[in-house]
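>>> sequence plus predicted model, see below.
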Amino acid sequence: MAIFAAVMDNFTIRLENGIVANPEYRLAEPVNICMKNGQQIAICGPNGAGKTLLVNILLRQYPLLDKRETEYGSGIHGGDIRYITFRDSYGSADSTYFYQQRWNMTEMGESPVAGDAFPFVASQEWKDSLFRLFDLSLIWDKQLVTLSSGEMRKYQLARSLAVKPRIVIIDSPFIGLDRETRDMLCSLLKELIGKWDMQIILIVSRPEDIPDFITHVIEVRDRICRPMTDKASFLTGFKADSPTLSAEAIQLMHSLPESDMDSDEIVRCNQVVLQYGSRRILDHLDWTIGKGEHWALLGRNGSGKSALLSLIYADNPQSYACDISLFGRARGTGESIWEIKRHIGYVSPEMHRSYSRHYPAIDIVASGLHDSVGLYQKITNEERESCRVWLQIFGVSHLENRDFYYLSSGEQRMILLARAFVKNPSLIILDEPLHGLDTANRSLVMQIIKAFCEQPQKTMIIVTHYPEELPDTIDHQLKLTRTGDRFRSPNQQDEFQSKDE
């Protein structure tokens, strides 16, 4: 194979003909790459293509054959490179984290406060810049476990930049961020490049996520690292896969049993208040969802969307202090949590964050049949076959026996989506379901959501920060808005008008 990278004096990272010693972590072909000073780079490729493997090779995480190693440019050391990963924002910020902890304030006594957990900052000028650009004052006194997914992402970025590194590698930087925060982050990264002379390397799954300040792209596909190209050439030549949900899968979904819910009212929230200490999250919220309605739940990062869903799904203990009815039955009238969840399918960043465990992928799907985080009972052959059907629908049958922990974040999300749908629920709750998915998987999942909603009497709530991700079946919306440090929602039930608004 021809060596792509010539020897250059002004490189920052270089590797020629690199082969990982352990076959388990080896790309399909040797790595030849040279990143020069001043280049702003995107590593782009579909889910499971090997993007993270490439980064780990560049960071010297895996020993190479022939005693080779990744070279860093003059004056660059391991401490000058900061790698911010998807898993950092959904699991390792607080090692004591457990599912539902965010909503259980009585369990939060030992959870660190954002300000106390923030590391030493290189200089006061740099600290002031981080505070201004990330607006850290809004979250400084909050416990980490209470931060929304978007707030956590901003915090982790600022935390990793505290030492003022020379090179910053960010995995899936825009996931979970609303439009304003995405724009803010792009402006921040531009300032880091221009004012502070940092080199940015972004890992993205879609060309649409490549910002304008990127100059070069490295495509990784089928575990092969392609030669670096300028951004314009990459975008011109890029062709995304366009999977189509098979007629067999659509027919299967349409043939599933109809909902056995007698009530025409699926959810009713009456003057719901959610408050932690002096911080009020929801302020006298009224919301009624009828059978067969498909709702978009909208709002900026930290506006209380996930908190509201935690009340409905009974993950939040305050749900029993609120006037909430589900499937026509008032909360707290003798039903168990398992009775509440039996008719609901659910996926969320919090759930993804809690699944840092070693289970075969099919067991993760099967856990959705029992509404558990992990599988603690033996499943029947019939249940296993049902799991396989949904793995096939989501195009991940080949992952059935793979360890969930070692899958890419996008592959993990596809498995968790299959988990949410596996019991053909009456109510499906999708909190940012397309997190981390590449263009092809996003298209497939949107087709699955649409086919599911076309079944009679199926009800859906979906949360997203991207209007283009909302399926055509959406007929209602509720938007949570923020005033100061309080969040409120309109009492009226808004008809959904336009995905472009």
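Thanks, I have the structure now.

>>> and Thr96, what pLDDT?
In this model, Thr96 is scored at 46, pLDDT.

>>> ok, now His216?
pLDDT, read off for His216, is 98.

>>> how close does it get to Arg413?
His216 is 28 Å from Arg413, where distance means CB to CB, to the nearest Å. C-betas here are computed from N, CA, C, even on glycine.

>>> who has more neighbours out of those two?
Comparing His216 with Arg413 by other CB atoms under 10 Å, the one with more neighbours is Arg413, at 26 against 17.

>>> please report how far the more buried one lies from Arg132.
Distance, Arg413 to Arg132, using CB to CB: 33 Å.

>>> swap in Leu407?
38 Å.

>>> neighbour-wise, which of these two wins?
Leu407 (19 against 11).

>>> is it true that that one touches His352?
No - counting by CB atoms under 8 Å, Leu407 does not reach His352; the two are 11.5 Å apart.

>>> residue boundaries of the helices in the stretch 1-150 of the chain?
51-58, 86-89, 114-117, 124-134, 149-160 (DSSP state H, counting those that start in this stretch).

>>> buried residues, the fourth one. List them.
Read that as helix 124-134. Lys127, Ser129, Leu130, Leu133, Phe134 (16 or more other CB atoms under 10 Å).

>>> one more: the third one?
Neighbour-count burial for helix 114-117, with 16+ other CB under 10 Å as criterion, is recorded at Ala114.

>>> show me the contacts for Arg419.
Gly345, Val347, Ile364, Val365, Ser367, Gly368 (CB atoms under 8 Å, 6 or more residues apart in numbering).

>>> how close does Ala232 get to Ile312?
If you go by CB to CB, the gap between Ala232 and Ile312 works out to 46 Å.

>>> those two: who's more crowded?
Ile312 (25 against 10).

>>> hmm, Val463 and that one touching each other?
No - Ile312 is not in contact with Val463 according to CB under 8 Å; the separation is 11.9 Å.

>>> which elements pack onto the helix or strand containing Ile449?
Using DSSP states H and E, Ile449 maps to helix 439-453. Judged by 3 or more CB pairs under 8 Å, 6 or more residues apart in numbering; DSSP states H and E, helix 439-453 is in contact with helix 247-254, helix 409-421, strand 459-463.

>>> now these in JSON lines, with distance to Glu382 and mean pLDDT?
Below are the helices and strands packed on helix 439-453 laid out as JSON lines (distance: least, CB to CB, whole Å; pLDDT from 0 to 100):
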{"stretch": "helix 247-254", "distance to Glu382": "15", "mean pLDDT": "84"}
{"stretch": "helix 409-421", "distance to Glu382": "17", "mean pLDDT": "94"}
{"stretch": "strand 459-463", "distance to Glu382": "26", "mean pLDDT": "96"}
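
>>> ok, which of the ones you listed comes nearest Pro112?
Taking CB to CB, helix 409-421 is the member of the helices and strands packed on helix 439-453 nearest to Pro112, at 24.2 Å.

>>> then the closest one to CSV, C-alphas only?
This file holds the C-alpha atoms of helix 409-421, laid out as CSV (Å, rounded to 0.1, in the frame of the first residue of the first chain):
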residue,chain,number,x,y,z
SER,A,409,-22.4,4.8,20.6
GLY,A,410,-24.5,4.8,17.4
GLU,A,411,-24.8,1.0,17.5
GLN,A,412,-25.8,1.2,21.1
ARG,A,413,-28.5,3.7,20.4
MET,A,414,-30.0,1.3,17.7
ILE,A,415,-30.1,-1.5,20.3
LEU,A,416,-31.8,0.7,22.8
LEU,A,417,-34.4,1.8,20.2
ALA,A,418,-35.1,-1.9,19.6
ARG,A,419,-35.5,-2.3,23.3
ALA,A,420,-38.1,0.6,23.4
PHE,A,421,-40.2,-1.0,20.6
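
>>> sheet partners, orientation included, of the helix or strand just after that helix?
Past helix 409-421, further along toward the C-terminus, the next helix or strand under DSSP H and E is strand 427-431. Taking DSSP bridges as the criterion, strand 427-431 forms sheet pairs with strand 344-347 (parallel), strand 459-463 (parallel).

>>> off-centre distance for strand 427-431?
Centre-to-centre, strand 427-431 and its host chain are 15 Å apart (CA atoms, centre = their mean, to the nearest Å).

>>> quick one: it to helix 409-421, angle?
160 degrees (axes from the mean of the first three to the mean of the last three CA atoms, to 10 degrees).

>>> mean confidence for strand 427-431?
The average pLDDT within strand 427-431 is 95.

>>> what does it contact?
Taking CB under 8 Å, 6+ apart as the rule, strand 427-431 contacts 266-267, 305-306, 309, 312-313, 343-350, 417, 420-421, 449, 452, 458-463.

>>> before we move on, the earlier item: and the helices of the stretch 1-150 of the chain: which comes nearest Met228?
helix 51-58 (11.6 Å).

>>> now do that closest one: which elements does it pack against?
strand 11-18, strand 31-36, strand 41-44, strand 167-171, strand 199-204, strand 216-221.

>>> partner strands of the longest one and their direction?
Strand 11-18 pairs in its sheet with strand 31-36 (antiparallel), strand 71-72 (antiparallel), by DSSP bridges.

>>> what comes into contact with it?
With CB under 8 Å, 6+ apart, strand 11-18 has contacts from 1, 3, 5, 7-8, 30-37, 39, 57-58, 64, 68, 70-73, 76, 166-167, 199.

>>> identify the residues contacting Arg402.
Arg402 makes contact with Pro360, Ala361, according to CB under 8 Å, 6+ apart.

>>> separation between it and Leu65?
Counting by CB to CB, the gap from Arg402 to Leu65 is 25 Å.

>>> again with Phe134
From Phe134 over to Leu65 (counting by CB to CB), the distance is 42 Å.

>>> ditto for Glu335
Distance from Glu335 to Leu65, counting by CB to CB: 60 Å.

>>> what residue ranges in the stretch 201-350 of the chain score low on pLDDT?
Low-confidence segments of the stretch 201-350 of the chain (pLDDT under 70): 257-261, 332, 334.

>>> what about the strands in it?
216-221, 224-225, 229-230, 265-276, 279-290, 294-298, 324-326, 329-330, 344-347 (DSSP state E, counting those that start in this stretch).

>>> what's the closest of these to Thr181?
Per CB to CB, nearest to Thr181 of the strands of the stretch 201-350 of the chain: strand 294-298, 14.3 Å.
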